[in-house]
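1. give me a 3D structure for the following:
(2 chains)
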Amino acid sequence: MSSTLERSTWATEPVEEGFIERGGVRIAYQVFGSGDPTILLQPADTISQARMWKLQVAYLARRFRVVTYDPRGNGRSDRPTDPAKYDEREVVGDAIAVLDATGTERAIVIGLCSGHPTFVAAQHPERVLGIVAFSPTVRLAPPFDYGEDYEAVRDTYEGWEKENRHYQVEDWEGYARFFFGECFPEPHSSRQIEQAIEWALETSGEVYVSCQDGARYLTDLDEVEAMVRRIRCPVLSVWGTEDRIIPRARAERLADLTGGEVVIMEGSGHIAQARQPVATNLLIRDFADRVTGRIPTSATWTVARNRPRRALWVSSPIGLGHGARDIAIADELRKLRPDLEIEWLAQHPVTELLRARGERIHPASASLASESDHIDREAGEHDLQVFQALRRADEILVANFMLFLDVVQEEPFDLWVGDEAWDVDHFLFENPELKRTPYVWLTDFVGFLPMPDGGAYEASLTADYNAEMVEHLERYPRLRDRAVFVGNPDDIVAGTFGPDLPSIRGWTEDHFDFSGFVTDVVPPSNDERAAIRERLGYRPDERVCIVTVGGSGTGDHLLRKVIAAYPEAKRAVPDLRMVVVAGPRIDPDSLPATEGLEVHGYVDGLARHLSVCDLAVVQGGLTTTMELTAARRPFLVFPLAHHFEQNFHVRHRLERYGAGRYLEYATTTPDAIAAAIAEEVDRSVDYRPVETDGAERAAAMLAELV
Amino acid sequence: MRAREPDRSGFAEHDGVRIAFEVFGEGEPTILFMPNAPIIHSLQWKAQVPYFARHARVVTYDGRGNGRSDRPTTVGAYRDEVLLADAFAVMDASETDRAVLVALCGSVTRACLMAATGPERVLGIVAIAPGIDLAPEPEAEFDFESTPDTDEGWAKCTRQYWLRDYPGWSRFWAEQLFPEPHSTKQIEDATAWQVDTTAEINLLREEAYGDLVGSIEDAEALLARVTCPLLIVAADLDACQGTAPAERMAELTGASLVRFEGSGHVPPARHPVEVNLLIRDFVRTLAPAEVVV
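-> Predicted coordinates:
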């Protein structure tokens, strides 16, 4: 596992970063955004780091200025092992020093657990506009007693016995796993637990024990009360009913003594900001707005009958297939509802497609965090563990959901459409009170499937994600006003969602409507094919082989390998004309130039080219392969390794149509590719026909709602 | 039937004139809904009162000349100064130290006068379709004192027509205030509340107008003295005030301006839900510690 310090894709980048030094200990800070006021997000103790606020930063930084810093002993801060460096009083000094270093006169100070915003507010009232204390370690009530003994030496350490200095040094990862399991009692928290453990592992048990040995500030109840009573600023205290770390009385007492508010999050564990990020973000925003007296600066409210009929369409940017089919459905929908204005909340590469078609891209799209960049970074050599990549996109998905939410709360829409818009769908189910418009979910597969080499752990994770989806639909059956499966029931894979979970096919048939495959390209007849070839500049006597990886940025290795096969393929098929389409995310100039080979960047209307080619070499994405199937063209498919959708869902569908020759990228040499090209280029195909009315059918389902 | 009966009603007495007020609900803060008297009376806020009575304390009153308040018959009894004193008298009588003021049209000027002269008593002002002398008045089709050779349309906005057919004027005026389709009930209400008083009383107020604020200079000087938070609402189809005073007010104060598109002069009656939510959000920013999310 790579270090999280080795940067994964962040939803937003800092505008400033640096270090402060206090008593020889360097503390790393970062600043995001430039709004007002500043929100200081304090770290908890050494077991975690500033990134624990990663689901807040991008959202808050769009409205406010956000300052984060790493605690002593983790993140990019120093890791002293002298307990004196972890005196609890340093919390206040560190916070103030970070405010000074970032030129922050006053801030809203937010902490979780031992972040201690209360200390800062009590001692430096002039620097604090207000505090939000999540599950505060403010010693206003006794802690939970789990019978733990921090000093005892034992043979084995079970449960809370792990809260022990010897165990923490001996098996730091075991401690972190136990501790964060307690922090996240909510079902379906695997990602949050895994991430918290990763951060914990960036320090050590030794460092953590030093931190625990640091002097505690204010342990006497009366002194703590006296300190808290000095707080004059607005206080919001937040506590989850499943919190096993901090007792309710501490959160409530803090609000009581300060005249503040307490928000109880029913069913939430200790770390709401990671497990309930949307609700947490809205709480912080509302608190900050109230503290600063912020109200809408210049808003417009239009009476209902005067509003244009509008749809907001969110298209997955993973490849170009979603965008292409969504435009086809939108075109049909506009025939049924001519007054409907469709706006797209979309990012590259979908925006390329939309611009080429003159579609209206919502200006907020520019603020979307890039899912495509994330996917590109997750990919190896023609290898993409797409399930894990989706899990690790958690930060991006929250940031983009919050953007979606801002858009739909500021502007009225009559319909929301999400084509594999995981952010919109997931967080609407997690926050169903935010749904206020008819909503349609589109997808071409149902069910996360484990890759065989992922073992039992991955199988348990996919089952957990599937179980969450099943629960979501059971609990909120009408949240999706329509769920459209872009395909037919026979396209659904066999098997179940996991142990004790329903059959994928049966459940999907119960919960989805089926549009059939959607494409905007009607497969040409032989006569039409000749005419189109002429128009596109393909001669009748040449065999055109198009090599494409669609809209993906992860396909350059495949392109290179096929390019390497070109000389041999050309020898075997002398009239071969190979056309390589790098697509919108790969620079065509980065590919090796080869005599006789054509290389293009983004080609609008590529489906039209594919429909008249003699052979295609493609990645395993659904849309391109199905368009080739519909056009009855032979093609070679190289699914991305570890991509469950390409290896199982799409493959199952193509097998049903009898289309495509599957090859494995890793084991297929350029010569083997050349041989396969020679074998396939003249193959006459006998595919099952593909329907051409999918867009019309899908549009009719949407039109009922708007 | 009223959706919410008052918890207390009474009279403030000022200068020998009785001003009827009502109090609904309890808690903090108090929201004082200002009347547009003598044209209409306090029922103008009926779409707001029950909602805010559940969340805060609400005070309404009938301005002199309409509703249950007295109807003095001298010009002097309707001067700006007197109406301003009435507002404070109602706050005193209802034991309201401080309040958020919600005002429409001409009562916005009065709310600003209260904030300028009693800043400790005003937490903030919601100024809806403000009637404040910040922009030149649009030219009238007929001189108020003239006798046009028709009774149709704006010919009704003349002294002689008011005196001759006050209900006819009231109906016409209400129709101008609600240009939105499907506003029959609002038009009927406004007409009925207008005919609760007389043309003569309205003419007294017309004559008295302007002793405190009667010019652009007065209004600008007044706003310079208003330091409390403001929320301003402008309606694009406002036949009474247009949007210019609201825009100028926002410009001078830096306050938030919310535009209602497709709305006439009286959003609280015709678009009550959105108005209620706006007021709620504004009030929350004024009293952070009291609100539970």
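2. what about the closest residue to residue A:188 other than its chain neighbours, how many residues close to it?
-> Closest residue to residue A:188 apart from its sequence neighbours, by C-beta to C-beta, 6 or more residues apart in numbering or on different chains: residue A:468 at 4.4 Å. C-beta here means a position set from N, CA and C on the backbone, and glycine is covered the same way. Residues near residue A:468, counting by other C-beta atoms under 10 Å in any protein chain shown, number 17.
3. cool, and residue A:548?
-> A count of nearby residues for residue A:548, using other C-beta under 10 Å, gives 30.
4. and it, what does it touch?
-> When contacts are counted by C-beta atoms under 8 Å, 6 or more residues apart in numbering or on different chains, residue A:548 is found next to A:580, A:581, A:583, A:606, A:610, A:616, A:617, A:618, A:619, A:624.
5. now with 6 Å?
-> A:581, A:618 (C-beta atoms under 6 Å, 6 or more residues apart in numbering or on different chains).
6. surely residue A:637 is in a strand?
-> Yes - with DSSP: H, G, I helix; E, B strand; the rest coil as the criterion, residue A:637 is located in a strand.
7. pretty sure it contacts residue A:659?
-> No - applying C-beta atoms under 6 Å, one finds residue A:637 not in contact with residue A:659, separated by 8.9 Å.
8. just to revisit the earlier point, run through who's touching the helix or strand hosting the residue nearest to residue A:188.
-> If you go by DSSP states H and E, residue A:468 is part of helix A:455-475. Outside helix A:455-475, the residues that touch it by C-beta under 6 Å, 6+ apart are A:188, A:190, A:429, A:447, A:448, A:450, A:497, A:498, A:501, A:511.
9. can you say which two of the residues you listed are spatially most distant?
-> Spanning the widest gap among those are A:190 and A:511, at 23.5 Å by C-beta to C-beta.
10. tell me how far residue B:127 lies from residue A:364.
-> Separation of residue B:127 from residue A:364 (C-beta to C-beta, to the nearest Å): 30 Å.
11. settle it for me: which of the two has more neighbours?
-> Between residue B:127 and residue A:364, residue B:127 has the larger neighbour count (other C-beta under 10 Å), namely 31 against 17.
12. can you name the residues that contact that one?
-> Going by C-beta under 6 Å, 6+ apart, residue B:127 touches B:103, B:108, B:232.
13. what segments of the stretch 251-400 of chain A are strands?
-> A:261-265, A:298-302, A:310-315, A:341-345, A:360-361 (DSSP state E, counting those that start in this stretch).
14. now the angle from the third one to strand A:341-345?
-> Put plainly, it is strand A:310-315. Comparing the axes of strand A:310-315 and strand A:341-345 via axes from the mean of the first three to the mean of the last three C-alpha atoms, to 10 degrees yields an angle of 30 degrees.
15. and the second one, by the same measure?
-> Relative orientation of strand A:298-302 and strand A:341-345, computed by the same axes, to 10 degrees: 140 degrees.
16. phi, psi of residue B:102?
-> Per-residue torsions, residue B:102: phi -110, psi 120 (degrees, to the nearest 10).
17. in chain B, where is pLDDT below threshold?
-> For chain B, applying pLDDT under 70 flags the ranges B:287-293.
18. so what touches stretch A:268-283?
-> Contacts of stretch A:268-283 (C-beta under 6 Å, 6+ apart): A:55-56, A:59, A:135, A:183-186, A:189, A:192, A:240, A:242-243, A:245, A:265, A:398, A:402, A:427, A:431.
19. in PyMOL, how would I select the buried members of those residues?
-> With 16 or more other C-beta atoms under 10 Å in any protein chain shown as the criterion, this PyMOL line picks the buried residues out of the contacts of stretch A:268-283:
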select buried, chain A and resi 55+56+59+135+183+184+185+186+189+192+240+242+243+245+265+398+402+427+431
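20. give me the subset of the contacts of stretch A:268-283 that lies in strands.
-> Of the contacts of stretch A:268-283, the ones assigned to strands by DSSP state E are A:240, A:265.
21. so which of the contacts of stretch A:268-283 are in helices?
-> A:55, A:56, A:59, A:183, A:192, A:398, A:402, A:427 (DSSP state H).
22. relative to chain B, how far out is the nearest residue to the first one once chain neighbours are set aside?
-> Ranked by C-beta to C-beta, 6+ apart and with sequence neighbours excluded, the top spatial neighbour of residue A:55 is residue A:277, at 3.8 Å. When distances are taken as C-beta to the nearest C-beta, to the nearest Å, residue A:277 and chain B turn out to be 17 Å apart.
23. distance of residue A:277 relative to residue A:245?
-> Taking C-beta to C-beta, one finds residue A:277 at 19 Å from residue A:245.
24. likewise residue A:395?
-> 23 Å.
25. contact partners for residue A:585?
-> With contact taken as C-beta under 6 Å, 6+ apart, residue A:585 is in contact with A:349, A:553.
26. mind listing the helices for the stretch 451-600 of chain A?
-> Along the stretch 451-600 of chain A, counting by DSSP state H, counting those that start in this stretch, helices occupy A:455-475, A:504-511, A:526-536, A:556-572.
27. residue A:661 touches residue A:636, doesn't it?
-> Yes - here residue A:661 reaches residue A:636: they are 5.4 Å apart, a contact under C-beta under 6 Å.
28. who has more neighbours out of the two?
-> Taking other C-beta under 10 Å, residue A:661 and residue A:636 do not tie; residue A:636 has more neighbours (22 against 14).
29. residues contacting the more buried one?
-> Residues in contact with residue A:636, defined by C-beta under 6 Å, 6+ apart, are A:617, A:661, A:663, A:676.
30. can you list contacts of the helix or strand where the last one lies?
-> What that stands for is residue A:676. In this assignment (DSSP H and E), residue A:676 forms part of helix A:670-680. Contacts with helix A:670-680, where a contact means C-beta under 6 Å, 6+ apart, come from A:561, A:562, A:564, A:565, A:568, A:569, A:572, A:573, A:615, A:634, A:636, A:661.
31. report the rounded mean pLDDT for that helix.
-> In this model, helix A:670-680 has an average pLDDT of 98.
32. could you say what helices and strands the helix or strand that that helix is followed by packs with?
-> Remark: after helix A:670-680, the chain's next helix or strand is helix A:694-703, criterion DSSP H and E. Contact here means 3 or more C-beta pairs under 6 Å, 6 or more residues apart in numbering or on different chains; DSSP states H and E; on that basis helix A:694-703 packs against helix A:321-336, strand A:482-485.
33. which of the ones you listed sits most buried?
-> helix A:321-336 (a mean of 23; mean count of other C-beta atoms under 10 Å in any protein chain shown).
34. helices and strands around that one, which ones?
-> Helix A:321-336 is packed against strand A:310-315, helix A:694-703, with contacts defined by 3+ C-beta pairs under 6 Å, 6+ apart.
35. paired strands for the first one, with orientation please.
-> To tie it back to what came earlier, the one meant is strand A:310-315. According to DSSP bridges, strand A:310-315 forms sheet pairs with strand A:341-345 (parallel), strand A:415-419 (parallel).
36. same list (those) but as TSV, adding mean neighbour count and mean pLDDT.
-> Listed next are the strands paired with strand A:310-315 as TSV, based on neighbours: other C-beta atoms under 10 Å in any protein chain shown; pLDDT from 0 to 100:
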stretch	mean neighbour count	mean pLDDT
strand A:341-345	21	98
strand A:415-419	26	98
